[in-house]
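# please work out how this folds:
(one chain, ligands or ions: 1)
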Amino acid sequence: MNCTEFLAKLTDYFDGQIDPELLAEVKEHLGVCHHCEVVVSTTQQTISIYRAHETYEFPEDLATRLRTAVMQRCTAAKAASVAPASEAKPAQIRV
Ligand SMILES: [Zn+2]
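Okay, here's the model as predicted:
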């Protein structure tokens, strides 16, 4: 089993809807492939956080930086949408 085949079976693996022969191949792959092991570990953590319905507070500095970045993007997008037509790139038409 390679990584692509493993990832194609990932949902079945988490759902427990996988036949024993394929499960053995999945476990064998996880034993030798660090990348897929990380995918499984991260996904399992995500599932448990989701199931626990826990919420986490953003650190204040992260919230501030995120807010600033979003506002900068919004301001830039608004400025671009009101730019004079002469500065806009002409539309290219293919025939
Ligand atoms: Zn892999």
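# and for the residue nearest to Tyr13 when sequence neighbours are not counted, the neighbour number?
Ranked by CB to CB, 6 or more residues apart in numbering and with sequence neighbours excluded, the top spatial neighbour of Tyr13 is Val26, at 5.5 Å. Quick note: C-beta positions are derived from backbone N, CA and C, even for glycine. Val26 sits with 20 neighbouring residues when counted by other CB atoms under 10 Å.
# what's the answer for the one 3 residues further on, then?
Residue crowding around His29 was assessed by other CB under 10 Å; the count is 17.
# residues contacting the helix or strand encompassing it, please?
His29 is part of helix 20-32, with elements assigned from DSSP states H and E. Residues from elsewhere that reach helix 20-32 (CB atoms under 8 Å, 6 or more residues apart in numbering): Met1, Asn2, Cys3, Glu5, Phe6, Lys9, Asp12, Tyr13, Ile18, Cys36, Glu37, Val40.
# list the buried residues of that helix.
Val26, His29, Leu30 (16 or more other CB atoms under 10 Å).
# I'd like those residues as TSV, with pLDDT and distance to Phe58 appended.
Output for these, formatted as TSV (pLDDT from 0 to 100; distance: CB to CB, whole Å):
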residue	pLDDT	distance to Phe58
Val26	93	36
His29	95	36
Leu30	94	33
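# relative to the ion, which of those is nearest.
Distance to the ion across these (CB to the ion) is lowest for His29, with 5.6 Å.
# on that earlier part again, dump the C-alpha coordinates for the next helix or strand after the helix holding His29 into CSV.
Proceeding N to C from helix 20-32, the next assigned helix or strand is helix 34-52, under DSSP H and E. The C-alpha trace of helix 34-52 is given here as CSV (Å, rounded to 0.1, in the frame of the first residue of the first chain):
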residue,chain,number,x,y,z
HIS,A,34,5.7,8.8,9.1
HIS,A,35,3.7,11.2,6.9
CYS,A,36,0.5,9.1,7.0
GLU,A,37,1.0,8.4,10.7
VAL,A,38,1.0,12.2,11.3
VAL,A,39,-2.2,12.5,9.2
VAL,A,40,-3.9,9.9,11.3
SER,A,41,-2.7,11.4,14.6
THR,A,42,-3.7,14.9,13.6
THR,A,43,-7.1,13.8,12.3
GLN,A,44,-7.7,11.8,15.5
GLN,A,45,-6.9,14.8,17.6
THR,A,46,-9.2,17.0,15.5
ILE,A,47,-12.0,14.4,15.9
SER,A,48,-11.6,14.3,19.7
ILE,A,49,-11.6,18.1,20.0
TYR,A,50,-14.7,18.3,17.9
ARG,A,51,-16.5,15.6,19.9
ALA,A,52,-15.5,17.2,23.2
